[in-house]
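>>> Structure for this input, please:
(chains A and B)
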Number of protein chains: 2
Amino acid sequence: MIPKDHPRYHSLMTRERLAACAKAGIVSWEGLTAHGRGEAFDYLIGERTTPSALLSERTAAALLLSARNPLISVNGNTAALAAGEISDLQRASGARVEVNLFHRTEKRVEMIENLLRDSGVDVYTGKAERLLPLSHDRAWCRREGLFSADVVLVPLEDGDRCEVLVGMGKTVIAVDLNPLSRTARTASLTIVDELSRALPHIAQACGELSVTEQEQLIRSVDNHYYLAEAIREMTLRLSHALD
Amino acid sequence: MIPKDHPRYHSLMTRERLAACAKAGIVSWEGLTAHGRGEAFDYLIGERTTPSALLSERTAAALLLSARNPLISVNGNTAALAAGEISDLQRASGARVEVNLFHRTEKRVEMIENLLRDSGVDVYTGKAERLLPLSHDRAWCRREGLFSADVVLVPLEDGDRCEVLVGMGKTVIAVDLNPLSRTARTASLTIVDELSRALPHIAQACGELSVTEQEQLIRSVDNHYYLAEAIREMTLRLSHALD
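Take a look at the predicted model:
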């Protein structure tokens, strides 16, 4: 039992939830390591939403609202960390939600779909096919889902698939705490923020933005700026760490 | 099967080995997350031993060689990542090796001791007692082992226990890729390097250092310098990341 006044309470509770989901088979072993990498970078941006991240989140909302077929692609870590936030964002944005896994088994897909439904998500299911030009199991998706979406929010994506989705002409929004990762550099728009902070900001902006504001934000998408700003924040924090 | 020419071959193989050890119960769930945090910081120092880390490793060797009762305290991650390197360092330094776990069960202790023995380590066992002033299971250790050691190498330590060991008057050498962690700031000497790179450097220095060199190194121990240098390397790499 972690006491509520522990300085690392939120981080430790999240870690416990992930470990429980790993035991249940929802989060993969590799997912736990990936979470740890994220924690380190989150620490470096001060475990808060930076101004540039907030701008990228509002821009993500604009992209989702202007899309013909917006889609949120969910994996094990995303479901474990933010099922409720996915549900809220779906309501705010009207996006489809589909489960796509790197370490794919039918059983894992089903468990994650159930976890999402328990949090109120309307999960898009149906027959998956091998539709993406990738050698591993992430090639599997639904024809009317990820395959035909024009704007895709892919939280915690791997670099290979991010590249493929961009190559298919999709607008790819990634949530990645590592501004140096291949995903972060390849995506159309990268949100350098922790997932459970980022999603509510996107959902809120979905309810606020006028059509004119949406157009302005979309015209000024600049992924290099979001990454450079995140790096600047991390550098600043590191260089004052021993003060 | 990861192809040998994959740019992340070493990192992916290490991750696979840890996952296998987690499945076997040697590495804890929390250990996988901790490894991920380390990966992120290792990436930031360029996945190589920096000059300041090498100096701290040679100083660690000097401290172990000059100790009355040197001891290497091993946990699950350490055994999974570097059992062979622990064995070599034991031979070079004459230190005792004892297993001490945060998530302690008798079964895990035994599995880790066996893994170490299979790599040639002479493991110090015997009756463990609750000897350290800590509320959790890391209080357990052996009277003639960790409790009475004057110089302790604690790779991948937690902050609480590091503080307690320093408070008991011991010289604590930590290996921690995060120069901002409580462990890194509390230890007598912190090596900011990846464990399987750090240990062979310490072992090599044990075979090289004269008594005069040992004394010189020990006189100039400066933990703030090792940490500041590691942070400088990380900052430098971050600020050139998008070039």
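>>> so where do the helices sit in chain A?
A:9-24, A:29-44, A:51-66, A:76-93, A:106-118, A:159-167, A:182-186, A:195-208, A:211-219, A:223-239 (DSSP state H).
>>> closest one to chain B among the ones you listed?
Among these, the nearest to chain B by Cβ to the nearest Cβ is helix A:29-44 (2.3 Å). (C-beta placed from N, C-alpha, C; glycine too.)
>>> shaky segments in chain A?
A:1-3, A:5-7 (pLDDT under 70).
>>> got the residues of it near chain B?
Applying Cβ under 8 Å from any Cβ of the partner chain, one finds that chain A approaches chain B through A:15, A:18-19, A:22-23, A:29-30, A:32-41, A:43, A:178-180, A:224, A:227-228, A:231, A:234-235, A:238-239, A:241-242.
>>> Now that we have those residues, which of them are buried?
Applying 16 or more other Cβ atoms under 10 Å in any protein chain shown to the residues of chain A next to chain B, the neighbour count classes A:15, A:18-19, A:22, A:29-30, A:32-41, A:43, A:178-180, A:227-228, A:231, A:234-235, A:238-239, A:241 as buried.
>>> Of all residues in chain A, which one is nearest the centre?
Centroid-nearest residue in chain A, with Cα atoms, centre = their mean: A:Pro155, separated by 1.7 Å.
>>> check contacts around that one.
Counting by Cβ atoms under 8 Å, 6 or more residues apart in numbering or on different chains, A:Pro155 touches A:72-75, A:78, A:82, A:174-175, A:195, A:198-199.
>>> Could you rerun that using 10 Å?
When contacts are counted by Cβ atoms under 10 Å, 6 or more residues apart in numbering or on different chains, A:Pro155 touches A:72-75, A:77-79, A:81-82, A:85-86, A:173-176, A:191, A:195, A:198-199.
>>> One more: A:Glu208?
So A:Glu208 contacts A:58, A:61, A:92 (Cβ under 10 Å, 6+ apart).
>>> Identify, from those residues, the entry nearest to B:Gly167.
Nearest to B:Gly167 among those: A:Arg58, at 48.7 Å, using Cβ to Cβ.
>>> Surely that closest one and A:Ala203 touch.
No: taking contacts as Cβ atoms under 10 Å, A:Arg58 lies outside contact range of A:Ala203: 11.2 Å.
>>> circling back to that earlier point, how close does the residue nearest to the centre of chain A get to chain B?
17 Å (Cβ to the nearest Cβ, to the nearest Å).
>>> cool, and A:Val74?
20 Å.
>>> Number of residues surrounding that residue?
A total of 26 residues lie near A:Val74 under the criterion other Cβ atoms under 10 Å in any protein chain shown.
>>> Name the nearest residue to it, sequence neighbours excluded.
A:Val99 (5.2 Å; Cβ to Cβ, 6 or more residues apart in numbering or on different chains).
>>> so what's the one you found up against?
Taking Cβ under 10 Å, 6+ apart, we find A:Val99 in contact with A:73-76, A:78-79, A:108-113, A:115-116, A:121, A:123-125, A:128, A:141-142, A:145-146.
>>> Only the buried subset of these, as a ChimeraX command please.
Buried members of these, defined by 16+ other Cβ under 10 Å, are picked up in ChimeraX with:
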select /A:73,74,75,76,78,79,108,109,111,112,113,115,116,121,123,124,128,141,142,145,146
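>>> which residues are contacting stretch A:226-234?
Residues from elsewhere that reach stretch A:226-234 (Cβ under 10 Å, 6+ apart): A:41, A:43-46, A:48, A:50-53, A:55-57, A:59, A:176-181, A:184-185, A:187, A:189-193, A:222, B:44, B:234-235, B:238-242.
>>> Just the buried subset of those, please.
Listed as buried from these are A:41, A:43-45, A:50, A:52-53, A:55-57, A:59, A:176-181, A:184-185, A:187, A:189-193, B:44, B:234-235, B:238-239, B:241; burial here means 16+ other Cβ under 10 Å.
>>> show me what contacts the residue lying closest to A:Gly76 once chain neighbours are set aside?
Closest residue to A:Gly76 apart from its sequence neighbours, by Cβ to Cβ, 6+ apart: A:Val27 at 4.6 Å. Contact analysis of A:Val27 by Cβ under 10 Å, 6+ apart lists A:17-21, A:34-35, A:75-81, A:103, A:108, A:112, B:29.
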